[in-house]
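Participant: Pasting the sequence and the predicted model now:
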Amino acid sequence: MSDVHDRSAVFALDGLDGLDRLSYESHLTQCQRCRGDVEDLRDAAELLSAGIELPVPISVRERVQAVTQTAAESLYQDQVPDADAAGGRPRRRRWFG
């Protein structure tokens, strides 16, 4: 990065090490714009990482469980071989056609 002002996001996310970090910290003491950018970016990162957890409504949970159960039963039925009425052997399922 050529412009020191472009380093606000990297600094805010602890992406600068060693001399780069010291140099940018020195720049922050003189640049109000970058101090504001770093503060805003850190606030945004904190909000994004907070992970708001909301309870799932019972109606949604019941619908998901019903769909999952139906899909599982359908999968199981597709895997259980049908007995061939004439020979008593399991009928093979055709995948193509």
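Facilitator: Yep, it's here.
Participant: Just checking, which helix or strand of this protein averages the lowest pLDDT?
Facilitator: strand 82-83 (a mean of 54; mean pLDDT, DSSP states H and E).
Participant: I'd like the average pLDDT over the helix or strand that contains R61.
Facilitator: R61 is part of helix 58-79 when elements are defined by DSSP states H and E. Confidence over helix 58-79 (mean pLDDT, whole number) is 77.
Participant: my guess is V4 contacts E25, does it?
Facilitator: No: the pair V4 / E25 is not scored as a contact, 11.4 Å apart, by CB atoms under 8 Å. Quick note: C-beta positions are derived from backbone N, CA and C, even for glycine.
Participant: Among the two, which residue is more densely surrounded?
Facilitator: Between V4 and E25, counted using other CB atoms under 10 Å, the more crowded position is V4 (15 against 11).
Participant: The closest residue to that one other than its chain neighbours: neighbouring residues, count only.
Facilitator: Once flanking residues are discounted, V4 sits nearest to H27: 5.3 Å by CB to CB, 6 or more residues apart in numbering. Counted with other CB under 10 Å, residues neighbouring H27 total 16.
Participant: now swap in R63 and tell me
Facilitator: 11.
Participant: Pull up the gap between it and E73, please.
Facilitator: Shown here: R63 relative to E73, a distance of 16 Å by CB to CB, to the nearest Å.
Participant: And for E53?
Facilitator: Applying CB to CB to E53 and E73 gives a distance of 31 Å.
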